[in-house]
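In: Sequence below, structure please.
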Amino acid sequence: MGFTMGLNLLLLMAMVATNILSLYHLSTTIQSKPSSPPPIPDHLIHQLSTIRATITHLTSLQSPSNTPPSSSSSAAAATATTPPSDLLIYTHISPIASSCKDNPLLLHKYMNYTPFSLCPNDSPLAEDLILRGCHPLPRRRCFSRTPSTTPTSLPTDPFSPLPEKTALLTHFNCKTFSCFAGLKPELGFDMRVEKTRFLTYKSDLDLPISQLMQLAKQANSVIRLALDIGGGTGTFAAHMKLHNVTVVTTTMNLGAPYNEAVAIRGLVPLHAPLQQRLPVFDGVVDLVRCGHAVNRWIPVVAMEFLLFDVDRVLRGGGYLLLDHFFSKKMDLEKVFTPLIGKLGYKKVKWAVANKTDSSGVKNGEVYLTALLQKPLTK
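Out: Numbering: from 1, shown residues only. Predicted structure coming up:
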């Protein structure tokens, strides 16, 4: 049913576009003095070509339901599954993730813009598509919106208050960084709180950065490059920067301008969801940290792919840090511990403790902090 509705929608769009072109052509032929019609704009031709290619591809995938299987029908089906050349051309020019087709209404809304003009103010729409697996998003030919005020230089202190009017915050309830800082300390916008994180040892779940660096030194290992998955406002990267370690932070703008905050602090944000392949080459990273964004709410299969993608980017002797990973106690014992064990990493630290907030007590949840080292033979 969803396939038929999507096909009907595309056919309707093609018919409307064709009618518009017909009216446009007729309007040029009823003039008193016949003249050659003006050229059709390139962007309109490209959009129509993309619609035509998509309809051709979807139609080829729709096989008759009452046709019995045969050798000829199998060969026809094999031919039908081959995308047309014109669709492949536009796919190379502007790659679109396969999951985008599952959200045609959102995708149509996202691509409804005027080429060569200012882009729509629709960053929440892009966020919705990305979280639904539509990543990378299709590229657009419009000019991005930027704030009127920009920092004049990189901050000398990554823990200084975030400067105001340096980010577009129109989509959020808070319109200033100071407003976000006053909401909840765990959001990561209060730099007075962030300055104290990752520095002290309060329980077995904590691994201060000084201890992390000491453990690496004792193992004759070095930490130069790191990836922080779900790193919020980039506080781990900010602290590691003081140790001459370059950290790239993946983060999403879920309810707050996390990417903007990371960049304003002079750090590097990657606007990437957890289900995306890490945009890092194989075996070049010394440390991967997984923060609170990596937890029991991730499907087990997706979690397994994430862990093995971490293994892909880690060099031999590199470290995986699971920082306060939480799950139900039974799930940790029966699901996640065996899943982590598939990596075959050395356990440098493995600490489990009860999650004592209301949600943790209600659901019987525990925290796990683990530092694991990838073998050199891998």
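In: what is L118 paired to in the beta sheet?
Out: In this structure, L118 bridges to F143 when assessed by DSSP bridges.
In: Now do the same for stretch 322-329: mean pLDDT, whole number.
Out: Stretch 322-329 comes out with an average pLDDT of 95.
In: any residues touching it, and which ones?
Out: 205, 207, 289-292, 294-296, 335-336, 340, 355, 360, 363-372 (C-beta atoms under 8 Å, 6 or more residues apart in numbering). (Each C-beta comes from the backbone N, C-alpha and C, glycine too.)
In: got the CA positions of that stretch in PDB?
Out: C-alpha atoms of stretch 322-329 as PDB (Å, rounded to 0.1, in the frame of the first residue of the first chain):
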ATOM      1  CA  LEU A 322      32.300   3.100  27.400                       C
ATOM      2  CA  ASP A 323      31.500   5.900  29.800                       C
ATOM      3  CA  HIS A 324      28.500   5.400  32.000                       C
ATOM      4  CA  PHE A 325      26.700   3.000  29.600                       C
ATOM      5  CA  PHE A 326      23.400   2.100  31.200                       C
ATOM      6  CA  SER A 327      21.100  -0.800  30.800                       C
ATOM      7  CA  LYS A 328      19.000  -3.200  32.800                       C
ATOM      8  CA  LYS A 329      21.200  -5.400  35.000                       C
END
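In: Buried by neighbour count: which residues of it qualify?
Out: Neighbour counts over stretch 322-329 (16 or more other C-beta atoms under 10 Å) mark L322, D323, H324, F325, F326, S327, K328 as buried.
In: And stretch 252-260, by the same measure?
Out: M252, N253, A256, P257, Y258, N259, E260.
In: residue contacts, the first one?
Out: With contacts taken as C-beta under 8 Å, 6+ apart, M252 has the following neighbours: E127, I130, L131, Y258, N259, H271, A272, P273.
In: what about 10 Å?
Out: The neighbours of M252, taking C-beta atoms under 10 Å, 6 or more residues apart in numbering as the test, are 127, 130-131, 230, 232, 258-259, 269-274, 293.
In: One more: the fifth one?
Out: Contact partners of Y258, counting by C-beta under 10 Å, 6+ apart, are 180, 187-189, 230-234, 249, 251-252, 269, 271.
In: Now the terminal residues of stretch 353-365, how far apart.
Out: 9 Å (C-alpha to C-alpha, to the nearest Å).
In: Off-centre distance for it?
Out: Centroid separation between stretch 353-365 and its chain, computed with C-alpha atoms, centre = their mean, to the nearest Å, is 29 Å.
In: List of residues touching it?
Out: For stretch 353-365, using C-beta under 10 Å, 6+ apart, the contacting residues are 203-205, 295-296, 324, 326-332, 366-369.
In: again, only using 7 Å
Out: By C-beta atoms under 7 Å, 6 or more residues apart in numbering, the surrounding residues in contact with stretch 353-365 are S203, D204, L205, F326, S327, K328, K329, V366, Y367.
In: What is the least confident helix or strand in this structure?
Out: Lowest on mean pLDDT, DSSP states H and E among the helices and strands of the chain sits helix 71-80, with a mean of 47.
In: Where does the prediction get shaky in the stretch 201-350 of the chain?
Out: Scanning the stretch 201-350 of the chain for pLDDT under 70 picks out nothing.
In: From the contact counts, what lies against the helix or strand where D228 lies?
Out: Element membership of D228 [criterion: DSSP states H and E] is strand 225-229. Counting contacts by 3 or more C-beta pairs under 7 Å, 6 or more residues apart in numbering; DSSP states H and E, strand 225-229 packs against helix 235-241, strand 246-250, strand 285-290.
In: okay, the ones you listed in a markdown table with mean neighbour count and distance to K349 next?
Out: Listed next are those as a markdown table, based on neighbours: other C-beta atoms under 10 Å; distance: least, C-beta to C-beta, whole Å:
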| stretch | mean neighbour count | distance to K349 |
| --- | --- | --- |
| helix 235-241 | 23 | 16 |
| strand 246-250 | 23 | 19 |
| strand 285-290 | 24 | 13 |
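In: of all the ones you listed, which lies closest to L212?
Out: The stretch from the helices and strands packed on strand 225-229 with the least distance to L212 (C-beta to C-beta) is strand 285-290; that distance is 8.1 Å.
In: remind me, longest strand of this protein?
Out: strand 314-328 (DSSP state E).
In: Which parts of the stretch 51-200 of the chain are strands?
Out: Read by DSSP state E, counting those that start in this stretch, the stretch 51-200 of the chain holds no strands at all.
In: low-scoring stretches of it, by residue?
Out: 51-97.
In: Let me see the ranges of the helices in it.
Out: Assigned by DSSP state H, counting those that start in this stretch, the helices in the stretch 51-200 of the chain fall at 71-80, 85-93, 104-110, 123-131, 177-181, 191-194.
In: thinking in terms of the whole chain, how far from its middle is the fourth one?
Out: Same thing as helix 123-131. 9 Å.
In: neighbouring contacts of it?
Out: Residues contacting helix 123-131 (C-beta under 7 Å, 6+ apart): C100, N103, L106, L107, K109, Y110, L137, H171, M252, N253, P273.
In: how about a cut-off of 6 Å?
Out: Residues from elsewhere that reach helix 123-131, judged by C-beta atoms under 6 Å, 6 or more residues apart in numbering: L106, Y110, L137, H171, N253, P273.
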